[in-house]
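>>> kindly return the folded structure for what I paste below:
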Amino acid sequence: MSLIDRITSPSSVRTLTPEQLDELAGEIRAFLVEKVARHGGHLGPNLGVVELTLAIHRVFDSPADPIVFDTGHQSYVHKIITGRAAAFDDLRVRGGLSGYPSRAESAHDWVENSHASTALSYADGLAKAFAVRRETGRTPVAVIGDGAMTGGMAWEALNNIAAGKNRPLVIVFNDNGRSYAPTTGGMAERLAALRLKPGYERMLDSVKSTLPKAPVIGGPLYGMFHAVKTAMKDWLLPQTLFADLGLKYVGPVDGHDVQAVERALRRAKGFRGPVLVHCITNKGHGYAPALADAEDLMHGPPAFDPATGKPLSASGLSLGKVMGRELVRHAAERDDLVAITAAMTGPTGLGPFAKKYPERFFDVGIAEQHAMTSAAGLALGGLHPVFAVYSTFLNRAFDQLLMDCAMHRLGVTVVLDRAGITQEDGPSHHGMWDMSLAGIVPGLRLAAPRDEPSMVEEFAEAIEVGDAPTVIRYPKGAVPQTVPAIRRIDGVDVLAQAPEDSPDVLLVSVGALAGSAVEAAGRLADHGIGVTVVDPRWVLPVSPALVELAGGYRHVVTLEDGGRSGGVGSAVRDALGPAADVLVIALPQEFLEPGSRSELLVDKGLSGQAVAIQIAGHVSSSDLGSPVADSAAGSDESLQA
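Residues are numbered from 1 along each chain as shown. Now for the predicted structure:
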């Protein structure tokens, strides 16, 4: 039996010898490559934290000692150690193992953590709770890294954690940025041991309180002592930033040496106060393809060939890549265009722009709030910034969008990738909140391109707006099939036309759901229900042209892949007034499970067939006794054909 098959709980790893730990680390890496190759997932980050996670579980007693992973995609090894190895065959598939910590899966997962820079705040709250409840034997552990230290929230938390001198809390800083060289050997370990000895702290306090009181020489001698101590610390330990905040600092430690990390963690735990243990790791460690491409493909690859690391299928053209291509094209003619990303250059399509115009490209790290207000500053300075970000991360910068961009009427364009259903990443990453948030921002205009031609056109329009923020949102994955317009009426595209003698339903389609809307119209036409499908293009605010069009139909239906509350449907209903009959078809206001886009569209009633059934039922119940109702009655079964 392999060692990995014997790991059923954290206690299993505490009995292993150093040789067995090295063997287990190798097995875990091979296991991760095999399992992630099937469905995709975050490979590089987890290959880099194998030894580190083993050491954490050997020192701390999870779940009594809470282990909170920042950027929770680093938690695969933690899942293996806590008895979930057998579930990896269904990693990131519907009903299977989550790609992030999940409270529903295990008591060892304290939070559903997948948005970065939050773990330190969770740990700070846990440490305070244990202190208030006098649970003195418990130590929260926050594992942060993989870029999360660039987030402002992490530094807010550090400022507070440092104030809790007597509250046990261990921060494991997984530094895979290669910005520090690890110090090794006996001297480094002796210094770490000395700094965390209570006697050392008492000695410093004693010197600090008594030496200045000595007559004549006390003050100068203390000043000299303090200066020498500080100079030696700066010379021996250049990484004094954390110590200057008031945190005890240990490291750097080789994060791929289980015993070295374990020794550092035991000292940190024994200190009984806040301590940061700085571990140097290599993202993708132990797998050559991941080491060669740790920041791009192998950070979170799709399904791939484990022998080569190459994807099993080409990624193809996405709307994000179309946006990036168009940005480069416009930038050649406009030197005021600049681009901002929050550590997502490649995934958001900004790679070509960053390469061609490096002086006009700004990666601010995982700092969406700063990015949005920095964009406001760029606009104030006479430029037109394009901030590319995942839809789910717009949530973090809403105040800045509202107060810093919109209130100042600034021309900032925000492009939202991964809008709507985003498949395997699950509830924290489905981009279903953006339209509800954008809908309450005065002056903001939001477009939802349905295909490549509309993306090209609407992006060009967005960057021409100079007196208000513009937002463009689009889904993850391949470019949707082109849905041509029959005609355009005052900026509103007509995609399908009801017969003149049966203007029953105006179906307002938002973005990439145009295909579903046109399919639904065709199904309903076969049952005598006339449906005109329109794409407003700029869906927020509701255009007067759309309001005028709606006046010619008995029913108005809106279709969107955002939350039902506060989105486009709500805005259309408000614009038409209480007398209008408006059916809103949208995602339920809940946290959606992982799943493929096609699966979730069907389940949540957004496929063409499901939309047709809902419209038929609505028309039937609203027009009882009318010819339309007679044709719609009993049509549900035939619509499913």
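
>>> so Leu416 sits in a helix?
No: Leu416 is assigned strand when assessed by DSSP: H, G, I helix; E, B strand; the rest coil, not a helix.

>>> how much space between it and Val584?
21 Å (C-beta to C-beta, to the nearest Å). The C-beta positions use only the backbone N, C-alpha and C, and glycine is treated the same way.

>>> determine the longest strand present in the protein.
The longest strand of the chain (DSSP state E) is strand 555-563.

>>> what helices or strands is that one leaning on?
When contacts are defined as 3 or more C-beta pairs under 8 Å, 6 or more residues apart in numbering; DSSP states H and E, strand 555-563 packs onto helix 434-438, strand 505-509, helix 568-576, strand 582-587, helix 608-622.

>>> what does the third one rub up against?
Read it as helix 568-576. 435, 439, 508, 510, 539-542, 546-547, 550, 556, 558, 560, 562, 564, 580, 582, 584-586 (C-beta atoms under 8 Å, 6 or more residues apart in numbering).

>>> buried subset of those residues?
Listed as buried from these are 435, 439, 508, 510, 539-542, 546, 550, 556, 558, 560, 562, 564, 580, 582, 584-586; burial here means 16 or more other C-beta atoms under 10 Å.

>>> domains in this protein, as residue ranges please.
3-180+239-292, 190-238, 319-473, 487-639 (automatic domain parsing).

>>> quick one, what contacts Val414?
Val414 makes contact with 372, 375, 386-387, 389, 394, 401, 469-472 under the criterion C-beta under 8 Å, 6+ apart.

>>> and the residue nearest the centre of the chain?
Residue closest to the average C-alpha location in the chain (C-alpha atoms, centre = their mean): His115, at 4.7 Å.

>>> now do the SS call for that residue.
Classified using three-state DSSP, His115 is coil.

>>> how close does it sit to Asn282?
Taking C-beta to C-beta, one finds His115 at 25 Å from Asn282.

>>> picking that back up, which stretch among the domains of the chain comes nearest Thr308?
When the domains of the chain are compared by C-beta to C-beta, domain 3-180+239-292 sits nearest Thr308, at 6.5 Å.

>>> from one end of that closest one to the other, what's the distance?
28 Å (C-alpha to C-alpha, to the nearest Å).

>>> average model confidence for it?
Across domain 3-180+239-292, the average pLDDT comes to 89.

>>> so Asp373 sits against Gln400, correct?
Careful, residue 373 is Thr and not Asp. Yes: between Thr373 and Gln400 there is a contact under C-beta atoms under 8 Å: 4.7 Å.

>>> quick revisit: comparing the helices and strands packed on strand 555-563, which comes out most buried?
strand 505-509 (a mean of 28; mean count of other C-beta atoms under 10 Å).

>>> can you list the strands that it pairs with?
Sheet pairing of strand 505-509 (DSSP bridges) gives strand 531-535 (parallel), strand 555-563 (parallel).

>>> make CSV out of the ones you listed and add mean pLDDT and distance to Phe88.
Converted to CSV, the strands paired with strand 505-509 look like this (pLDDT from 0 to 100; distance: least, C-beta to C-beta, whole Å):
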stretch, mean pLDDT, distance to Phe88
strand 531-535, 98, 42
strand 555-563, 95, 30
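
>>> and the longest helix along the chain, what other elements does it pack with?
Identified as the longest helix of the chain according to DSSP state H is helix 18-39. With contacts taken as 3+ C-beta pairs under 8 Å, 6+ apart, helix 18-39 sits against helix 3-6, helix 43-47, helix 50-59, helix 76-79, helix 258-271.

>>> ok now the second one, how far from the chain's centre?
Computed by C-alpha atoms, centre = their mean, to the nearest Å, the separation of helix 43-47 from the middle of its chain amounts to 17 Å.

>>> contact partners of that helix?
29, 32-33, 36, 71, 73-77, 146, 176, 283-287, 290, 294-295, 298-301.

>>> of those, which belong to helices?
Using DSSP H, these in helices are 29, 32-33, 36, 76-77, 290.

>>> Gly41 in helix, strand or coil?
Per three-state DSSP, Gly41 ends up coil.

>>> please report how far it lies from Pro302.
Using C-beta to C-beta, one obtains 9 Å as the distance from Gly41 to Pro302.

>>> who has more neighbours, these two?
Gly41 (24 against 16; other C-beta atoms under 10 Å).

>>> for Gly349, grab phi and psi.
When read as degrees, to the nearest 10, the backbone of Gly349 gives phi 90, psi 10.

>>> so it sits against Ser315, correct?
No: using C-beta under 8 Å as the test, Gly349 is too far from Ser315 to be in contact (11.6 Å).

>>> just want to know which of those two has more residues nearby.
Shown here are Gly349 and Ser315; by other C-beta under 10 Å, Gly349 has more neighbours (25 against 11).

>>> surely Tyr249 forms part of a strand?
Yes: looking at Tyr249 with three-state DSSP, it is inside a strand.

>>> how close does it get to Pro140?
Tyr249 is 18 Å from Pro140, by C-beta to C-beta.

>>> on that earlier part again, distance to Asp89 added to the strands paired with strand 505-509, as CSV?
Converted to CSV, the strands paired with strand 505-509 look like this (distance: least, C-beta to C-beta, whole Å):
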stretch, distance to Asp89
strand 531-535, 41
strand 555-563, 29
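
>>> and of those, who's closest to Gly605?
Relative to Gly605, the nearest member of those by C-beta to C-beta is strand 555-563, separated by 9.6 Å.

>>> assumed Trp155 was part of a helix.
Yes: under three-state DSSP, Trp155 falls within a helix.

>>> tell me who's in contact with it.
Neighbour list for Trp155: empty [criterion: C-beta under 8 Å, 6+ apart].

>>> give me the distance between it and Thr71.
From Trp155 over to Thr71 the distance is 16 Å, taken as C-beta to C-beta.

>>> go on, Glu333?
Applying C-beta to C-beta to Glu333 and Thr71 gives a distance of 38 Å.

>>> so which of those two has more stuff around it?
In terms of neighbours (other C-beta under 10 Å), Thr71 is the more surrounded of Glu333 and Thr71; the figures are 25 against 7.

>>> need phi/psi at the more buried one.
Torsion angles, degrees, to the nearest 10, at Thr71: phi 40, psi 80.

>>> against Ala342, how distant is it?
13 Å.

>>> and among the helices and strands packed on helix 18-39, the most buried is which?
Buried most deeply of the helices and strands packed on helix 18-39, by mean count of other C-beta under 10 Å, is helix 43-47, with a mean of 28.

>>> quick one: the helices in the stretch 51-200 of the chain, in order.
76-79, 119-132, 152-161, 186-195, 198-210 (DSSP state H, counting those that start in this stretch).

>>> and Val494, that's in a helix?
No: counting by three-state DSSP, Val494 is not found in a helix; it is strand.
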